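> Provided below are the primary sequence and the corresponding predicted coordinates.
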Number of protein chains: 6
Amino acid sequence: MKDIDSVIKDIKNLKIQGAEDVALSSVEAFRNSVKPDSNDMEKLKGYAEKLISSRPTEPFLRNCISYIQRSFDKEGDDILNSCDYVIDHIKDSRKLIVNIGENKIHDGMSIFTHCHSSTVVSILKTARDQTKDFVVYNTETRPVFQGRTTAKELADYGIKVYHMIDSAGRIGIKKADIVLIGCDAITSEGRVINKIGSELFAEIARKYDVPFYVCTDSWKLDPASVFGFDEEIEQRNPHEIWDKSPKNVTIFNPAFEIVNPDIVTGIISEIGVYKPELFVNEVQEKYPFLFLNQKI
Amino acid sequence: MKDIDSVIKDIKNLKIQGAEDVALSSVEAFRNSVKPDSNDMEKLKGYAEKLISSRPTEPFLRNCISYIQRSFDKEGDDILNSCDYVIDHIKDSRKLIVNIGENKIHDGMSIFTHCHSSTVVSILKTARDQTKDFVVYNTETRPVFQGRTTAKELADYGIKVYHMIDSAGRIGIKKADIVLIGCDAITSEGRVINKIGSELFAEIARKYDVPFYVCTDSWKLDPASVFGFDEEIEQRNPHEIWDKSPKNVTIFNPAFEIVNPDIVTGIISEIGVYKPELFVNEVQEKYPFLFLNQKI
Amino acid sequence: MKDIDSVIKDIKNLKIQGAEDVALSSVEAFRNSVKPDSNDMEKLKGYAEKLISSRPTEPFLRNCISYIQRSFDKEGDDILNSCDYVIDHIKDSRKLIVNIGENKIHDGMSIFTHCHSSTVVSILKTARDQTKDFVVYNTETRPVFQGRTTAKELADYGIKVYHMIDSAGRIGIKKADIVLIGCDAITSEGRVINKIGSELFAEIARKYDVPFYVCTDSWKLDPASVFGFDEEIEQRNPHEIWDKSPKNVTIFNPAFEIVNPDIVTGIISEIGVYKPELFVNEVQEKYPFLFLNQKI
Amino acid sequence: MKDIDSVIKDIKNLKIQGAEDVALSSVEAFRNSVKPDSNDMEKLKGYAEKLISSRPTEPFLRNCISYIQRSFDKEGDDILNSCDYVIDHIKDSRKLIVNIGENKIHDGMSIFTHCHSSTVVSILKTARDQTKDFVVYNTETRPVFQGRTTAKELADYGIKVYHMIDSAGRIGIKKADIVLIGCDAITSEGRVINKIGSELFAEIARKYDVPFYVCTDSWKLDPASVFGFDEEIEQRNPHEIWDKSPKNVTIFNPAFEIVNPDIVTGIISEIGVYKPELFVNEVQEKYPFLFLNQKI
Amino acid sequence: MKDIDSVIKDIKNLKIQGAEDVALSSVEAFRNSVKPDSNDMEKLKGYAEKLISSRPTEPFLRNCISYIQRSFDKEGDDILNSCDYVIDHIKDSRKLIVNIGENKIHDGMSIFTHCHSSTVVSILKTARDQTKDFVVYNTETRPVFQGRTTAKELADYGIKVYHMIDSAGRIGIKKADIVLIGCDAITSEGRVINKIGSELFAEIARKYDVPFYVCTDSWKLDPASVFGFDEEIEQRNPHEIWDKSPKNVTIFNPAFEIVNPDIVTGIISEIGVYKPELFVNEVQEKYPFLFLNQKI
Amino acid sequence: MKDIDSVIKDIKNLKIQGAEDVALSSVEAFRNSVKPDSNDMEKLKGYAEKLISSRPTEPFLRNCISYIQRSFDKEGDDILNSCDYVIDHIKDSRKLIVNIGENKIHDGMSIFTHCHSSTVVSILKTARDQTKDFVVYNTETRPVFQGRTTAKELADYGIKVYHMIDSAGRIGIKKADIVLIGCDAITSEGRVINKIGSELFAEIARKYDVPFYVCTDSWKLDPASVFGFDEEIEQRNPHEIWDKSPKNVTIFNPAFEIVNPDIVTGIISEIGVYKPELFVNEVQEKYPFLFLNQKI
């Protein structure tokens, strides 16, 4: 089991990737430094802050840690219990989402996906396990080609993949029966934040009347958005796009874009399949503690 | 001056690129093998066929050569004259298009372009020569990054360039006052065939009400389209996209897509600036010989 | 009072039609075979299954029966009570929906409807009872001309009806102030499943900015959709469309299509008038038992 | 050879159908009553008027007869020649349109059509003759089921047909690679008038980016539209829709609707394939006599 | 402190304007006529009715008064308490909305607004207090030029304003990063009723992908809309538009139009930022008493 | 008959208004200073330049004067003849346009118009002369209320007018069967330049499928646009919008906006009714001299 500092290091150098894996490793490392009885609370508080600030724009990690923070004025056992609750939530949700999402896959389907989402990949593999017969269209997803990871994982699992550049994605969507993508964050207005290109493909899916589903743990909802705080769109390193760009050339490298809820058919999470607006409500009802202590 | 075979070789290995340069080199090489008096007409006919078949899907080269072919039953001098006519057309048109297109650039503008078009680059450089003050947004244009060539040429000329991945192109278009792109072919229905992504960006430009101009020599109109012959969309080598793609992954690599005329603001050619429908008519009136001897 | 087998027979040969009437007859027949004290539970369970499977794709009947099934481990009186609860629900809701929907009709209005919905017809008749002055545009609704039933029932009640073929429905919508249609099922994503043509007319209504309302008992929400189970679109008998179609001709006869919630102005049900997303939530809050024991 | 009165009778009772057959029979009958030398010109003028008024809203017949009328102040031989010119035009155009249109059909295609157009059917049969492999989606086309005629003729010719009700036409268009329809009239604004439903399907084709072609003799252009005269939309007999409709029910039965040129990919006529705007120009240039003597 | 009759007079002659100020003055005046112990209840009931009918189409005032009416069968102290609750609600909400809305304003932004909303003005002033750097585009808002009030208040506060006629509003929206408007009423379907022009600008904002926020106290939700009662669109005095319009000219002067929820990014109220559909639910949960005693 | 200087003065202070009246007065004044035999050509050239520069952005006046300029190297009689040609063109076209346009008006129609166009008013009055029964919806057209002039002229002529503010124009269009507007300039791309608001209303007309016609003399086509010269959008005096606007408020007052040809149903001019693309071609063919001597 890694300690907190090495987990943070692995997060920063991308050895640990994906919001769920980042959160799971963080909470496990944190749990490891908690004692069942008395604790150095200043140290624990510092750890919590440090973990949150390793991914400042990611609501999932923040929600996980802040759940634990709410037990800081209780006993050591309570803190351990709250860590366990979070760990169980992550693991159980993963299974539920895959089982629910898998119901959306039927024989003969063409599925479109963009970028790499471990949730989407798991759904497709599970559908394959059940001998469902389908094909996948996917984009390479510039700048760092996560689409190749998706293509490779699916192809290695025996799923037929058609792979194309991002600007040809429309061809894939036109042939698709359903679009499945992952998610980085969701706001209280039901807006879905995901890899650059997602809004573009959502609009194309709406034009061609292809249902568009977002597959995600419900804790990616950002409680601060209720009070008007906007997700900041991360600008990533220009070198991802062009290593030695000439003078006079400025590189734009936004990591994400925002999908409006009216063009999202549904969010597939561990609490069910709902339109984004209703999804937000279901999260508020099922996990009210996520919304406690928010500041305006 | 190269001979026909080495020109064809250079076309095939892409040492000679761009429809205009391909045609110019081809016609110059052909002219070189014509004698002022008597000619071995079988040999010349063979050359003409060979050149046309070096780029079977490109109407510009075909139109240039077929103009010359129409003089094959005349004297050697006539054949030379028809070669000169074509060479002059290519060179004169280039200047005219740039002069006309340059009128569309005004101080303070943001211009969006996709892929690499030597005509668009020349327009922008000429505008810069006239000390017009503007910036350019451009895409990298996967799979072979022609957008980098565009960015580099413009930046080297002192023009400020903002460069982005294809799926972020919408951000550039939203900020742009005008879109300028090149062209591979135009049909009698006014449909413009250009690099994959062009239709996507044309639709986005229409959505955001940004005028969308196609900059091209008017001889890219395909006369065969009058009789219902469709341009075939070239499928290029999968290795351009992913060098060693895994088994079970099929690569789609269409070179082009088709832009409908109702979302093209105008075609800027040597005969003026016209909507595609009217452009087709103007070409028919100005160059009626292009449409002779077409077969249904 | 009919017994279960004759009710099922009448459902299958369409002597009993319309989701509400089907459910009411089924529950009444079931109630008839329940005794106040001890019951042969295996027999009752068999009846329940049999009734559900008489209309396997219809959530309304399924919801009604499964409410009763939840009392199967209790006393005979409890089972009778649960039957009565369902019967009362159906009857009371009918009145409430009509009263609420009637508020949407104003003097001078033109109302468009498609197919035949007894709820919509009742709303219009009630508005007429209150001497409201309005006209109705309706489609004939191929293949089985349910629109004629609608037109006849309304005209016989003294309401002026303009009747047209389905592909001319746009003319009616353009003149209409409001669209009212019925409903076969609603999913947790707020998607409304109704007679083929409904999505088409919903999109036209949105284009022409005509409010589009779905009138329905709220129990048509399918609880299984929360867990990703899709409504299957029934393919009906080709003979409905063309009795003796030639060899080499395949008939498509989908019964339904799916309307996305963003183009539905509201669902008028016994619990009020809500956008589909919110409607789903209100049903979950008011009738939580509908969602019990669902399997993923 | 029938005389003029029996031709007019056959037109009115629909024994002769389709704009081209109506015109051909009319001109042949007229020719029959012309003598090579001297003629009773009052009688001939009366015949011409009578024929035109047998189909007052049809520009094709009107254009054919008015071509002949222009020779009324010349010799009998000239009148016969002008009849022959028209007869040849109709027959030659028919072949040319089919040959051009057939170029649009490729192996593996799905083609959507609505109503019955003998031109479209001929194009498809000719493609089939050339062993092209394709399938057809078509609508039944209420109220008089002309789509069944289309389906039957194609199926009998060995072409696979998928047949559906009009309000399910969207499903067919979504699967189609191209839409081909016929035409009743075209205005100087490039607006295409065709069977009710055509505009609806043109808009759906545009939404799904399926090219939409109108197949027609170019003489269906109405020269009076240049001067602002609108085509009147014929209201046909209500009994076509509902034989014994109840009191209080008014039947709308418009025969046609108008397709805007921006959503028509091209008009396939004997003069080539052009966007409607350009088509109008080509007709004016090729057949200037059609536009003579028009009154404002 | 004014008495009820003079408050009603000031409301009618527009000395008191804006839904919040109208309600605050009304409740304060009402409170003034309540005694802590015994009251002449008939008089109080009369006052309540009188106040409500001073603005019959305004749900905010109605909701405030009807909250108080619910205490009419209790003691005088309870009535005073319910008045205080309403007064506190209005004042506290005002601060909360401003604080939440202010979070949406970032440095470098352009904000578009239409008409005059004291809530929007307060949000912008508060953002300015925090030294945020932004500019505002606003319309003059015919017929009574409330946009000039907005422009003046902001400009006097040191905010840069670009001002334009209503039909040029599109230019402002195209340059804007966010649209903020006020609100007169919201229905249970999530439809927002606001000054004429609001729907137009909401659709333009959606086209240009500019987030569109409605800033309002949540009590503007009309509980009667749950039962199908439509907000009536007030037709105002023609003289507002044209003082001495000629005979034969009829003036249309609708005060409001209705914005569909799918094109509203979010409603910013004291309970947070939510899509309209979810907003309705949150109001129902937080203030269930607003929905009591509603009649169908 | 006024002299040139007083005509120019009247143009500048708007005593002479409307492109046609401006041109007519200018040419008549110019004609007045031409002698049948020998002329001081330097003086005439000066007059011509002076007139053109009195309305630098108006192609109609420029086209009229430049027609005359082409006769400057001929005899005095020729110059007079060319003046007469222009005067006749203006007067004859006016009648033709009205006669053609009037054909578009039918009994029972609702017509929408924006701003004031003497051509549109004449068409409507002529339709009224022929006892056609119709009503007109029109906007007030801020900032200088030209819509009131339109309303008054029509109402005084006995035509029923419904008048509304610009931001309510959508209500009028939704009820209209046809939209008629005037025109300031047309480019070679078929783009129509007219009063601010025109593009907005053209898009709304397209959404609601209401045919949108531009009524104009064909000489408003700007020949310089063929070579890429853009019409400059005039920014008018801020005082037209707000007389004493506060400090910190900048007024935008663009006079015109540009309507794309794909949403213009037709241009009604003296040469007939054509889509803008075809209109440009017809002008080039009918008046080739307008395009002579243009500079790139």
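Alright, I've got the coordinates.
> now the residue of chain A found nearest chain C, nearest residue through space, not along the chain?
Using CB to the nearest CB, the single residue of chain A nearest to chain C is A:N103, 3.4 Å away. All C-beta spots, glycine's among them, are computed from the backbone N, C-alpha and C. Leaving aside its chain neighbours, A:N103 sits nearest to C:G228 (3.4 Å; criterion: CB to CB, 6 or more residues apart in numbering or on different chains).
> And the strands in chain A?
A:109-113, A:134-139, A:160-164, A:178-181, A:185-186, A:192-195, A:212-215, A:249-251, A:256-259, A:266-269, A:272-274 (DSSP state E).
> Would you confirm that A:I90 contacts A:S25?
No - the pair A:I90 / A:S25 is not scored as a contact, 10.3 Å apart, by CB atoms under 8 Å.
> how about the nearest residue to A:L80, chain neighbours excluded?
A:L80's closest residue in space is A:V34 (CB to CB, 6+ apart), at 5.5 Å.
> returning to what we had before: distance of the residue nearest to A:N103 relative to C:E282?
21 Å (CB to CB, to the nearest Å).
> what's the answer for A:I16, then?
42 Å.
> repeat for A:T139
For A:T139 relative to C:E282 (CB to CB), the value is 39 Å.
> what about those two, which has more around it?
A:T139 (30 against 21; other CB atoms under 10 Å in any protein chain shown).
> Just grab the bridge partners of that one for me.
A:M164 (DSSP bridges).
> wait, it sits on A:H114?
Yes - if you go by CB under 8 Å, A:T139 and A:H114 touch, sitting 5.0 Å apart.
> So for those two, which residues contact both of them?
Here A:T139 and A:H114 share the contacting residues A:G147, A:D166, A:G169, A:G197, A:F201, scored by CB atoms under 8 Å, 6 or more residues apart in numbering or on different chains.
> And the pLDDT at the residue lying closest to the fourth one once chain neighbours are set aside?
Residue nearest to A:G197 in three dimensions, not counting chain neighbours: B:S167, with 3.4 Å by CB to CB, 6+ apart. Model confidence at B:S167, given as pLDDT, is 97.
> Run through the residues that contact B:S167.
B:S167 neighbours (CB under 8 Å, 6+ apart): A:T139, A:T141, A:R142, A:D166, A:S167, A:G169, A:I196, A:G197, A:L200.
> Tell me how far the residue nearest to A:L80 lies from chain D.
Distance of A:V34 to chain D, given as CB to the nearest CB, to the nearest Å: 57 Å.
> Surely that residue touches A:C83?
Yes - between A:V34 and A:C83 there is a contact at 6.6 Å, judged by CB under 8 Å.
> In terms of neighbours, single out the busier of the two.
A:C83 (21 against 18).
> The more buried one contacts A:Q69, doesn't it?
No - using CB under 8 Å as the test, A:C83 is too far from A:Q69 to be in contact (11.1 Å).
> A:P288: how many residues sit nearby?
9.
> could you pull out the helices for chain A?
Assigned by DSSP state H, the helices in chain A fall at A:4-12, A:19-32, A:41-54, A:59-69, A:76-102, A:118-129, A:146-156, A:169-175, A:198-207, A:276-286.
> Count the residues that sit near the nearest residue to A:E58 once chain neighbours are set aside.
Leaving aside its sequence neighbours, A:E58 sits nearest to A:A19 (CB to CB, 6+ apart; 5.9 Å). Residues near A:A19, counting by other CB under 10 Å, number 25.
> who touches A:A19 in this structure?
A:E58, A:F60, A:L61, A:D184, A:D217, A:K220.
> Grab the nearest non-local neighbour of the last one.
Right, the one you point to is A:K220. Spatial nearest neighbour of A:K220, chain neighbours left out: A:F60 (4.9 Å); criterion: CB to CB, 6+ apart.
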